[in-house]
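> everything below, folded, please.
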Amino acid sequence: MAKKPIRAENYLDRVPCRNQELGFTTDDEGLVTLLVEWKGFYYRLSQKLFRKPRVSQIHMDAYGSFLWNQIDGKKDVMDLVNAFDAQFDSPEKSMARVIKFLETMKEEKFIYYRGMEK
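As a prediction, the model looks like this:
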């Protein structure tokens, strides 16, 4: 059986999308707070036994809030980097910051990339 050809994909062409199961709020200053609901047997058990909250709040800083609001399922990573450059004056570190933010959001399943599994 022939092997499938490996397709090189450019990370900057990926399009991040928000996880629709995740809630969020925005305060008066424009800072975003993600609301993560813990589901499942072990989470419910820890909620009962250890009085853990059912919903955790994750407060973002100005950088994270700006990027979260820019993620709309249409802009690719390069568009996000360009918008970040225009908003904040740090072009030498902006690409690294945006990519690290997106990697962290992907690991925590707060975002996914269009065309890839969640």
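> contacts for the helix-or-strand element of the chain with minimal mean pLDDT?
The helix or strand of the chain with the lowest confidence, counting by mean pLDDT, DSSP states H and E, is helix 41-50 at a mean of 86. Defining contact as CB atoms under 8 Å, 6 or more residues apart in numbering, one finds that helix 41-50 is touched by 38, 52-54. From N, CA and C alone the C-beta is placed, and that goes for glycine too.
> in it, what counts as buried?
Residues of helix 41-50 classed as buried: none (neighbour count, 16 or more other CB atoms under 10 Å).
> now swap in stretch 107-117 and tell me
Buried residues in stretch 107-117 (16+ other CB under 10 Å): 110-113.
> wait, which of the residues you listed is closest to residue 104?
Nearest to residue 104, judged by CB to CB, of the buried residues of stretch 107-117 is residue 110 at 8.3 Å.
> coming back round to it: out of the contacts of helix 41-50, which are buried?
Buried among the contacts of helix 41-50 (16+ other CB under 10 Å): none of them.
> save those as TSV, and put in distance to residue 88 too.
Shown next, in TSV, are these (distance: CB to CB, whole Å):
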residue	distance to residue 88
38	33
52	35
53	32
54	35
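> let me know the closest of those residues to residue 21.
Among the contacts of helix 41-50, residue 38 lies closest to residue 21 (CB to CB), at 12.1 Å.
> isn't that closest one right next to residue 55, touching?
Yes: taking contacts as CB atoms under 8 Å, residue 38 lies within contact range of residue 55: 7.4 Å.
> show me what the longest helix belonging to the chain is packed against.
For the chain, the helix that runs over the most residues, judged by DSSP state H, is helix 91-107. Counting contacts by 3 or more CB pairs under 8 Å, 6 or more residues apart in numbering; DSSP states H and E, helix 91-107 packs against strand 16-18, helix 62-70, helix 77-87, strand 111-113.
> residues in contact with the closest residue to residue 115 other than its chain neighbours?
The shortest distance from residue 115 to any non-neighbouring residue, by CB to CB, 6 or more residues apart in numbering, is to residue 15 (7.5 Å). Contacts for residue 15 (CB under 8 Å, 6+ apart) come out as 73-77, 113-115.
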